[in-house]
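Undergrad: Provide a 3D model corresponding to the input given below.
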Amino acid sequence: MPAYSELYVPDIMNLQGELFYQIRELLPGVDEKWFIREFMKCRIRRMLDAGNYFYASHLPNEVLNYFLCERGPGDIWSGEYIPADYQRGETWGGMLPMWAGMAYSLYQWEYEVPSAELIDILPLEVMERIYAPLHTVGWDVVTKKIHDSVL
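TA: So this is what the prediction gives:
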């Protein structure tokens, strides 16, 4: 049984995919893999795991601001935050972050695996390895292949 109503799935998938893709512009110099791992374990992602539409209805930059305020002091309502510590590093490359974000989101919904656990049992290195053969197939195939072959 899915984690929440199917009506929210496209919005949550797109939000997470866009956030993971846009992070290089929103936080210049951020280590993208670090950000993805941290986001998958944060309170906001737990809310999305439960289908909380409050966060799913926001833009990626707004969700990023919530994430940064969660990590350090800030005033989300004014749109400003005291810069939280974030790891600097390298980009992850191309459309891979967007694809991984969408795949993680759909898998979490379909199989009810908390995102905080999913990032550990399906690490980014595995997502990188399976991206080439799976990025052109339908999402239903992606989650099934991940479930049957990888996990």
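Undergrad: just so I have it, where are all the strands in this protein?
TA: Applying DSSP state E to the chain gives strands spanning 74-75, 80-81.
Undergrad: ok, of those strands, where does mean pLDDT dip lowest?
TA: In terms of mean pLDDT, the lowest-scoring of the strands of the chain is strand 80-81 (a mean of 52).
Undergrad: lowest average confidence, helix or strand, in this protein?
TA: Every helix and strand in the chain was compared by mean pLDDT, DSSP states H and E; the lowest is strand 80-81, with a mean of 52.
Undergrad: Show me the helices in the protein, by range?
TA: In the chain, the helices defined using DSSP state H lie at 9-26, 32-40, 43-49, 53-56, 60-71, 96-111, 115-121, 124-134, 139-145.
Undergrad: Can you point out the buried residues in the fourth one?
TA: By neighbour count with 16 or more other Cβ atoms under 10 Å, helix 53-56 contains the buried residues 55-56. Any C-beta I mention is one placed from the backbone N, CA and C, and that applies to glycine too.
Undergrad: And the last one, by the same measure?
TA: Burial within helix 139-145, assessed by neighbour count using 16+ other Cβ under 10 Å, is assigned to 139, 142-143.
Undergrad: List just the nearest of those residues to residue 116.
TA: residue 143 (18.4 Å; Cβ to Cβ).
Undergrad: Give me the distance between the closest one and residue 137.
TA: Distance, residue 143 to residue 137, using Cβ to Cβ, to the nearest Å: 10 Å.
Undergrad: I am finished for the moment; much appreciated.
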